[in-house]
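# Coordinates for the following, if possible.
(one chain, ligands or ions: 1)
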Amino acid sequence: MQLLNQQLLQTQSFINNQWVGPANRATFDVINPADQRVITSIADCGAVETEQAVKAASAAFKSWSKKTAKERSAVMKKWFNLVSDNMDDLAMIMTTEQGKPLAEAKGEIIYGASFIEWFAEEARRIYGDVIPTPLNDRRIIATKQPIGVVAAITPWNFPVSMITRKISPAIAAGCTVVIKPAAQTPLSALALAYLSKEAGFPDGVINIITSSRAAEVGKVMTEHPLVQKFSFTGSTKVGKMLMQQCASTVKKVSLELGGNAPLIVFDDANIDLAIKGTLASKYRNAGQTCVCANRIYVQENIYDSFMERYKKAVTALNVGEGTKPNVEIGPLIDENAIEKINRLMNDALERGATITAGGNKHEAGKLFYQPSIIEGCNSEMAVSREEIFGPVSAIYKFRTDEEAIQMANNTEYGLAAYFFTQNIGRAIRVAEALDYGIVGVNEGVVSHTEAPFGGMKESGIGREGSKYGIEEYVEVKYVCIGGL
Ligand code: NAP
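The predicted structure follows:
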């Protein structure tokens, strides 16, 4: 991989501001999903190095937490500037290891960097309260303190922003962190680590463990007594297990888990907006996002006209290697992703659905899939319960608002939901009725640093970004001053 700054391509774990590998020099390969070539081999660390990182973070916490918010903010701003200055290289690294088109990768670097900038600003606004006293001889003060060492695990679909969304509020609050990125996308994480060292973070504030043995690393992170907070983004299945592991030491837990987003097109929708929003929600990152429209409900009386235009837009999407110009859909992450789509498609077809666009692998390569549509879907199909995580629109027809809301809420997930209508009364009624942490009205892409991101029900616990994000990394301490 040719970069302007070749130093960004690191292959060791990052502990205490040093590049570290395991004693036995074990490595694992990072693969380019576009052509299945090995990009490079990475240090395969385990429990020993994770423990070493936790101890380094614990030692660093003593002085980092004592710095003023302004001092912490200043280092974070330097890091933000370095990430922004190296955007082209960071995007190239991301596209090469993850597959998403370069333009999307750049979008993610901007989004990821925005968390560093936002929380550098928020660091100086972690306010407490002076509370009116019930007794005249005492005063009541509530302050917020950094919780301590934070351990975090992140997925492959957003290799930069899922990391900065956790690191930034944590270090802004005065915590120190140990992060394990996904085994498929460790290079973006290590490039961020390299830039954090350049920015001047003290030893041990940010630590990155690369590993192919997630369970082994996860066990140390969730059970180590020096870790006070565990934050996870990934599947609901793994999140539940890690939450259970955290119970042994009663860690504060944040979970950003899977979704099963409904997207409803009402008969009074602006159809141009609805098509643009549905395409953006569904096909961004080749359909591999937790907030992707997973179930698309179209009202009966506009069904045919909407679908005719939607089909044209979907089949016009440009599939290919993410580094090529004008590509809109890159490869899927691995063969399991292709197999999952095939299984969901076959199940839907057996239960009466019809493929009306795509439906096969794409000629661009082994891991590419055609932008596809299946119509005639219903709640009996696996596609209505599981995340598709691929470029496939599953379409359902509905008659009334009540029916749409009931179907939309009929899932254990509650991350994101979308709908399109021009009627203000309907917009407010439906937004209030949807059991989701994030609701997009006439908009298919809703992630912003300034907004609280997170799910209800089995989609998670806690919020990331926004003024709420930092609350996950502080403890409220009540001080009672008596004897006045
Ligand atoms: P995953 O299998 O749960 O993996 C996520 C992370 O957990 C990876 O770093 C993985 O490591 C690690 N992991 C896997 N098994 C583990 C274990 N037993 N102990 C400790 N760590 C373990 O999820 P995924 O399939 O990669 O990611 C996609 C999922 O993430 C989807 O469900 C998606 O909806 C969700 N997601 C949610 C959000 C959100 O904000 N709510 C955002 C993005 C993605 P390895 O890479 O080594 O396997």
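
# Output the below-cut-off pLDDT ranges for the chain.
Scanning the chain for pLDDT under 70 picks out no residues.

# Which helix runs longest in it?
With secondary structure taken from DSSP state H, the chain has its longest helix at helix 102-122.

# Next, the closest residue in space to residue 293 that isn't next to it in sequence: secondary structure please.
Of all residues not flanking residue 293 in the chain, residue 263 sits nearest, at 3.7 Å (CB to CB, 6 or more residues apart in numbering). Every C-beta, even on glycine, is put in place using the N, C-alpha and C of the backbone. Assigned by DSSP: H, G, I helix; E, B strand; the rest coil, the conformation of residue 263 is strand.

# Show me the strands in the stretch 51-200 of the chain, by range?
Taking DSSP state E, counting those that start in this stretch to define them, one finds strands in the stretch 51-200 of the chain at 129-131, 139-146, 149-153, 176-180.

# To the ligand, which of the ones you listed lies closest?
Within those, the stretch nearest the ligand is strand 149-153; the backing value is 4.7 Å (CB to the nearest ligand atom).

# Tell me the gap between the closest one and the middle of its chain.
Remark: strand 149-153 is offset 15 Å from the chain centroid, using CA atoms, centre = their mean, to the nearest Å.

# Contact residues of this protein facing the ligand?
Counting by CB under 6 Å from any ligand atom, the residues of the chain lying close to the ligand are 153-158, 162, 180, 182-184, 214-215, 218, 233-235, 238, 242, 256-259, 290, 387, 415, 455, 460.

# For ChimeraX, write the selection for the buried entries among these.
To isolate the buried members of those in ChimeraX, using 16 or more other CB atoms under 10 Å:
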select :153,154,155,156,157,158,162,180,182,183,184,214,218,233,234,238,242,256,257,258,259,290,387,415,455,460
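
# so of the residues of the chain next to the ligand, which ones are in helices?
Among the residues of the chain next to the ligand, the members falling in helices are 162, 214-215, 218, 238, 242 (criterion: DSSP H).

# Next, name the residue at the spatial heart of the chain.
Residue closest to the mean C-alpha point of the chain, counted by CA atoms, centre = their mean, is residue 162 at 4.4 Å.

# Same question for stretch 299-316: list its buried residues.
Neighbour counts over stretch 299-316 (16+ other CB under 10 Å) mark 299, 302-303, 306-307, 310-311, 314 as buried.

# Which member of those residues is positioned nearest the ligand?
Using CB to the nearest ligand atom, residue 314 is the member of these that lies nearest the ligand, at 21.7 Å.

# That closest one and residue 127, how far apart?
Separation of residue 314 from residue 127 (CB to CB, to the nearest Å): 48 Å.

# same thing with residue 297?
Here residue 297 is placed at a distance of 42 Å from residue 127 (CB to CB).

# Neighbour count: those two, which is higher?
A direct count of neighbours by other CB atoms under 10 Å for residue 297 and residue 127 places residue 297 higher, at 22 against 8.

# Give me the distance between the more buried one and residue 380.
Distance, residue 297 to residue 380, by CB to CB: 16 Å.

# can you give me the strands for the stretch 201-350 of the chain?
For the stretch 201-350 of the chain, applying DSSP E, counting those that start in this stretch gives strands covering 206-208, 227-233, 252-256, 261-265, 293-299.
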